[in-house]
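J.: Pasted the sequence and its predicted model underneath.
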Amino acid sequence: MKAIFTLVLAAAVMLGAAGCRSKSSAPGYRGPVIFGTVMYKARIALPPDAVLTMRLLDVTRRDAPAVVLTEKSVSGPGQPPLAFELPYPPEAVRPDRRTVVEARIEVAGRTRFYSPTAHVVTTETVMQPQEIWVEPAP
């Protein structure tokens, strides 16, 4: 009876640990991932050669350019809502830093849509799905 209890307890611990793992965007990747969708209001279909680029930026210092913490581009992302996964270093999102996610959609090398406002990511919100709205580029 004790052996069965130990086996059931071990299985429960293993299943619980598996549920705590971050979302994975690449085979073998076990680090944290920011995930969510990019959307826009314009009723325009994206062409197959569109490229979605997501960046995680450190904008803590207002007197300095943003520091790119991680960046990922996806060719042919489909039609909105565009799902994304952005792996990032575990130390990137900290309470003493201001980090934002930026989205950009390019077609033929020209920016068609961009995120005009800062989408702030904190230690409290980083594991929740992110919803990023982009607008047509000027």
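T.: Yes, it's here.
J.: Give me every residue in contact with stretch 126-134, excluding its own residues.
T.: 22, 32, 34-41, 93, 101, 103-105, 113-116, 119, 121 (C-beta atoms under 8 Å, 6 or more residues apart in numbering). C-beta coordinates here come from the backbone N, C-alpha and C atoms, glycine included.
J.: and the most centrally placed residue in the chain, bridged to which residues?
T.: The centroid of the chain falls nearest to residue 34 when counting by C-alpha atoms, centre = their mean (3.0 Å). Counting by DSSP bridges, residue 34 forms beta bridges with residue 86.
J.: got a list of what it touches?
T.: 54, 56, 85, 86, 88, 101, 121, 126, 130.
J.: which residues of this structure fall in strands?
T.: 33-39, 51-58, 67-75, 82-87, 99-107, 110-114, 119-121, 130-133, 135-136 (DSSP state E).
J.: how about the ones you listed in CSV, adding distance to residue 45 and mean pLDDT?
T.: What follows is these, written out as CSV (distance: least, C-beta to C-beta, whole Å; pLDDT from 0 to 100):
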stretch, distance to residue 45, mean pLDDT
strand 33-39, 14, 97
strand 51-58, 14, 97
strand 67-75, 16, 96
strand 82-87, 12, 96
strand 99-107, 11, 97
strand 110-114, 11, 97
strand 119-121, 24, 95
strand 130-133, 18, 97
strand 135-136, 14, 96
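J.: check contacts around residue 39.
T.: By C-beta under 8 Å, 6+ apart, the neighbours of residue 39 are 80, 81, 82, 131, 132, 133, 134.
J.: Kindly report the same for residue 46.
T.: Residues in contact with residue 46 (C-beta under 8 Å, 6+ apart) are 77, 78, 79, 80, 105, 107, 112.
J.: Distance to residue 66 added to these, as CSV?
T.: Shown next, in CSV, are the contacts of residue 46 (distance: C-beta to C-beta, whole Å):
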residue, distance to residue 66
77, 23
78, 28
79, 29
80, 25
105, 19
107, 24
112, 21
